[in-house]
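> Give me coordinates for this.
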Amino acid sequence: MNARAFPPALTDTRASEIAQALLEGFDRHYRLFRQTGAEAKQRFERADWHGQQRAQRERIEFYDVRVDEAAERLQNEYQAASLTGDVWQQVKLHYIGLLIDHRQPELAETFFNSVTTKILHRSYFHNDFIFVRPAVSTEYIETDEPAALPTYRAYYPTQETMRETWLRIFDNLQLECEFEDLERDIDAVLAAIADQIGEFRMRTNFQIQVLSSLFYRNKGAYLVGKIVNGFNELPFALPILHRRQPDAETAATDAPGTRRSRWQPGTRAADAPPTKLVIDTALFGADDLLLLFSFAHAYFMVVMEVPSAYVQFLHSMMPDKPRSEIYSALGLQKQGKNAFYRDLLSHMRHSSDQFRIAPGIKGMVMLVFDLPSFPYVFKVIKDFYPEQKDTTREKIKSKYRLVKQHDRVGRMADTLEYSNVAFPRARFEPELVAELRHFCPSLLEDDGDALVIRHVYIERRMVPLNIYLQDARPEQIEHAVVEYGNAIKDLVAANIFPGDMLWKNFGVTRHAKVVFYDYDEIEYLTDCNFRKVPEPRNEEEEMSGEVWYRVGPKDVFPETFGPFLLGNAAVREVFMAHHADLLDAAFWQGHKERILAGDVHDVFPYDEARRFEVRRQLAAG
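The predicted model follows:
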């Protein structure tokens, strides 16, 4: 009989104390996590965009700091690394008991895994010692504390009270800022809803369900919910933005349809006029929500007492989006990693295809492989690189950390980073094993029937842009090239210089968005020096095939991009029509000056033509 079929007797007093210490460590983490989300509201109200960016970066580090603290405490107080397997089984059982009425049990289980795997050797990583599967259900968890907000509020308007209900929804947000014209914006929302659902019969259960917390990211706050009418549901999100209030002279001279930046050369961001709030547009349906919650955007800041209830609500609106990605989008990226790994293990149990070298041009610093039946790619840093790649493993990892902490503005793919991942050797094609052994021997370990990869990044699979363009129709080429330029401009606005801008380093998503995914050469835009190529001083310099002028380590010459990017005539025509400014050093230097002056650019996760302000200006002629 299997000795592990019966749980151990709870006889070791240390086990209960260790379990309590672990939960105290998690509770401290989540308290600080929620506090950052709550403070996002005040930062949004103050238009403190730099503070919001700083909090976003710092929150990424919260989890690992708390894990380190908990591991150190267990080692100092209980010599945890030397405890027997029987004690660790008791710790886990005590911990499960502590989670029965907990409001974040799945997050607490993941925290338990993070701490114990930091202490124990991976040979211990099985069901007895860690949570390979969830032990506590997250179904129907709800807070019963009077002061705590419910997960969502439900409103029951009639045809006659619809407008008043929407006004009440926004009043309940208790934002400490004045709206520019809330009634005007509500009228625009109602018109947008009418465009979506047309004439309809209001069922007896008609309701508007709104998640209690706003979702804060970049310079926006998003009201998220759904309209329920019988068996029909319409998901929606309403972006709330600050808008600068122009003085009378500015208002009179601005041309209709133009967007004024609050930054002008020679001014500081702090000199800008005050703002009022506006509802910027209305987003509807799963496709709009999928773009809003895309893996290419930074994580939201949200105040959640019961995260699993938020995930369930959002999954009901985006059923095709994995719960792992929803957890990550809510800022709970460690839970997202845990849920993703469970999805991977489940997929491998129910599939039989083999991991292979990923299609496309092979990278110089990364070895990329995939499983054809699974929509992700696996990226391993090589042990050595070509001479033209002046980099190290630590530099490359620092670039990926930068992207993780930065606002990805919908243009940089999120990555999941794992250590010591064991794969079944039988699922690897021989060619892939040979490549791994040649390029990454320091990261590969044979462990019986498994291949252990000591460090790997995992990203959503996209169609490489260079491959997409090969088979694209003319209209698809035009869209992709325009999107490519827009992607670079969005990165520039967010203070990112991509470095290597070759087509192969960008991918096309299922929504036809172009996203950057090769990070080993990215830099902050403000760290670069953008220059024009100097005029040759004599005929010898003009005819020289070598660079004859001085080039600093951070110097960039945008006019030299053309020969590498625009060899295809059809691509060149579209690029020059829409994005010729990317070949001009003045474009890049101007954005660098804007950022150094303190400006934080607006980047919208939706087409600018959908903004209510743009539509009003167009309607006015």
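
> Identify the neighbouring strands of the helix or strand where K379 lies in the sheet and state each direction.
If you go by DSSP states H and E, K379 is part of strand 376-381. In the sheet, strand 376-381 lines up against strand 366-370 (antiparallel), strand 450-460 (antiparallel) (DSSP bridges).

> which of the residues in the last one are buried?
It stands for strand 450-460. 451-453, 455-460 (16 or more other Cβ atoms under 10 Å). No exception for glycine: its C-beta is placed from N, CA and C like everyone else's.

> Check stretch 311-329 too.
Here stretch 311-329 shows 311-314, 317-318, 321-329 as buried, counting by 16+ other Cβ under 10 Å.

> And the helices in the stretch 251-400 of the chain, which stretches?
Secondary structure of the stretch 251-400 of the chain, counting by DSSP state H, counting those that start in this stretch: helices at 285-292, 307-317, 323-329, 333-349, 393-405.

> Pick the most deeply packed of the ones you listed.
The highest mean neighbour count among the helices of the stretch 251-400 of the chain, using mean count of other Cβ atoms under 10 Å, belongs to helix 323-329: a mean of 23.

> other SSEs contacting it?
helix 307-317, helix 333-349 (3 or more Cβ pairs under 8 Å, 6 or more residues apart in numbering; DSSP states H and E).

> nearest spatial neighbour of R103, skipping sequence neighbours?
Using Cβ to Cβ, 6 or more residues apart in numbering and skipping the chain neighbours, the partner closest in space to R103 is V306 (5.0 Å).

> ok, now which ones touch that neighbour?
The contact partners of V306, by Cβ atoms under 8 Å, 6 or more residues apart in numbering, come to 103-104, 141-143, 151.

> Format the helices and strands packed on helix 323-329 as CSV; extra columns: distance to E523 and mean pLDDT.
Below are these laid out as CSV (distance: least, Cβ to Cβ, whole Å; pLDDT from 0 to 100):
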stretch, distance to E523, mean pLDDT
helix 307-317, 34, 96
helix 333-349, 24, 94
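
> of these, which approaches F215 most closely?
Among the helices and strands packed on helix 323-329, helix 307-317 comes nearest to F215, with 9.6 Å by Cβ to Cβ.

> tell me the angle that closest one makes with helix 285-292.
In terms of direction (axes from the mean of the first three to the mean of the last three Cα atoms, to 10 degrees), helix 307-317 departs from helix 285-292 by 130 degrees.

> returning to that earlier point: lowest-confidence one in the contacts of V306?
Least confident of those in the model: T143, at 68.

> How many neighbouring residues does R243 have?
For R243, the neighbour count with other Cβ atoms under 10 Å is 16.

> how is this structure carved up into domains?
13-124, 152-334, 351-461, 466-583 (automatic domain parsing).

> I'd like to know which of the ones you listed is closest to V600.
domain 13-124 (3.9 Å).

> Give the next helix or strand downstream of whatever helix or strand V482 lives in.
Per DSSP H and E: V482 is located in helix 474-493. Stepping forward along the backbone from helix 474-493, the first helix or strand reached (DSSP H and E) is strand 496-497.

> which helices and strands sit right next to that following strand?
Against strand 496-497 (3+ Cβ pairs under 8 Å, 6+ apart) you get strand 523-524.

> From the contact counts, what lies against the strand it packs on?
Short answer (3+ Cβ pairs under 8 Å, 6+ apart): strand 523-524 packs on strand 496-497.

> roughly how far out does the very next helix or strand once past the strand it packs on sit from the chain middle?
Downstream of strand 496-497, the next assigned helix or strand under DSSP H and E is strand 506-508. The chain centre lies 16 Å from the centre of strand 506-508; the measure is Cα atoms, centre = their mean, to the nearest Å.

> by contact count, what packs against strand 506-508?
strand 463-464, helix 465-470, helix 474-493, strand 514-516.

> Indicate which one of the ones you listed is closest to A70.
So among the helices and strands packed on strand 506-508, strand 514-516 is nearest, using Cβ to Cβ, at 35.6 Å.

> Give me the mean pLDDT for the closest one.
Averaging pLDDT along strand 514-516 yields 96.

> quick one on the thing from earlier: tell me the buried residues within the contacts of V306.
103-104, 141, 151.

> Nearest to R57 among these?
Distances from R57 to the buried ones among the contacts of V306, taken by Cβ to Cβ, are shortest for Q104, at 23.1 Å.

> got a list of what that closest one touches?
26, 30, 306-308 are the contacts of Q104 under Cβ under 8 Å, 6+ apart.

> Tell me which other helices or strands the lengthiest strand in the chain touches.
Scanning the chain for the strand with the most residues, using DSSP state E, yields strand 232-244. Secondary-structure packing of strand 232-244 (3+ Cβ pairs under 8 Å, 6+ apart): helix 182-197, strand 220-229, strand 275-279, strand 283-284, helix 285-292, helix 307-317.

> which helices and strands does the shortest one pack with?
In other words, strand 283-284. On a contact count with 3+ Cβ pairs under 8 Å, 6+ apart, strand 283-284 meets helix 182-197, strand 232-244.

> Report the inter-axis angle for the last one versus helix 285-292.
Relative orientation of strand 232-244 with respect to helix 285-292: 40 degrees, computed using the same axes, to 10 degrees.

> quick one: low-confidence parts of this protein?
For the chain, the stretches with pLDDT under 70 are 1-8, 121-128, 143-148, 246-273, 539-546, 548.

> so the residue nearest to A71 when sequence neighbours are not counted is in which element?
Counting by Cβ to Cβ, 6+ apart, K118 is the residue found nearest to A71 once chain neighbours are left out, at 4.7 Å. If you go by DSSP H and E, K118 is part of helix 105-119.

> What distance separates the opening and closing residues of stretch 356-363?
Separation of the first and last residues of stretch 356-363 by Cα to Cα, to the nearest Å is 15 Å.

> And that stretch, what's buried?
357-358, 363.

> Out of these, list just those in strands.
Members of these lying in strands (criterion: DSSP E): I357.

> Deepest in the core, which of the helices and strands packed on strand 283-284 is it.
strand 232-244 (a mean of 19).

> re earlier: could you identify the most distant pair in the buried ones among the contacts of V306?
Q104 and T151 (12.9 Å).

> ok, the closest residue to Y30 other than its chain neighbours to P553 distance?
Sequence neighbours aside, Q104 is the residue nearest to Y30 in space, at 5.7 Å (criterion: Cβ to Cβ, 6+ apart). Q104 is 46 Å from P553, where distance means Cβ to Cβ, to the nearest Å.

> and what of R14?
Taking Cβ to Cβ, one finds R14 at 55 Å from P553.

> Settle it for me: which of the two has more neighbours?
R14 (16 against 6).

> Just the element for that one, please.
helix 13-45.

> Quick one: name whatever helix or strand follows that helix.
helix 49-78.

> can you pull the buried residues of the next helix or strand after that following helix?
Per DSSP H and E, the first helix or strand lying C-terminal to helix 49-78 is helix 85-98. By neighbour count with 16+ other Cβ under 10 Å, helix 85-98 contains the buried residues 87-96, 98.
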